[in-house]
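Asker: Give me coordinates for this.
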Amino acid sequence: MGRPIISGKRGYTLIELMVVLTIIGTLASMAQPNLQRTIIRARENSLRQSLFVMRDVIDQFYADRGKYPDALDDLVTDRYVRAIPEDPFTKSSSTWVIMAPEGDVQGSVFDVHSGSNLVSLDGTPYNEW
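Answerer: Residues are numbered from 1 along each chain as shown. As a prediction, the model looks like this:
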């Protein structure tokens, strides 16, 4: 007695596998730009939040002391914030651009801007936010 012959072998052909891989590759390449845009949008939201917090703390410092801080580190030293936030585009907390107050107001830190030279999704430079 011999082994029975199996006539209905199951499996995928090479062509079928290549078609499936091509479809998956096409879908992945279509999702990539959306992923990059989502990452940039998240960094922009983080930058907005950091700028809002630092500007609010600078205003609190001025309201309490009647002068602006001489450096961003004064905000940490005097416990207005635990740490200077990191700029999400430069990935550093030391690249903030400091704007001095106009007139004869004491202190050196009136406003802060991002140190990044990149442009946002809406077309405005981050260092002008």
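
Asker: dump the residue contacts of the residue lying closest to Pro69 once chain neighbours are set aside.
Answerer: Of all residues not flanking Pro69 in the chain, Val109 sits nearest, at 4.6 Å (C-beta to C-beta, 6 or more residues apart in numbering). Heads up, the C-betas are built off the backbone N, CA and C, glycines and all. Contacts for Val109 (C-beta atoms under 8 Å, 6 or more residues apart in numbering) come out as 58, 68-72, 74, 98-100.

Asker: Report the buried members of those residues.
Answerer: 58, 68-69, 72, 74, 98 (16 or more other C-beta atoms under 10 Å).

Asker: Could you export the contacts of Val109 to CSV, including columns for distance to Ser50 and secondary structure?
Answerer: Shown next, in CSV, are the contacts of Val109 (distance: C-beta to C-beta, whole Å; DSSP: H, G, I helix; E, B strand; the rest coil):
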residue, distance to Ser50, secondary structure
Ile58, 12, helix
Tyr68, 18, coil
Pro69, 16, coil
Asp70, 20, coil
Ala71, 17, coil
Leu72, 12, coil
Asp74, 17, helix
Ile98, 14, strand
Met99, 15, strand
Ala100, 20, coil
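
Asker: Turn these into TSV, including distance to Arg41 and pLDDT.
Answerer: Listed next are those as TSV, based on distance: C-beta to C-beta, whole Å; pLDDT from 0 to 100:
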residue	distance to Arg41	pLDDT
Ile58	26	97
Tyr68	32	96
Pro69	31	96
Asp70	35	95
Ala71	31	95
Leu72	26	95
Asp74	32	95
Ile98	27	95
Met99	26	95
Ala100	32	94
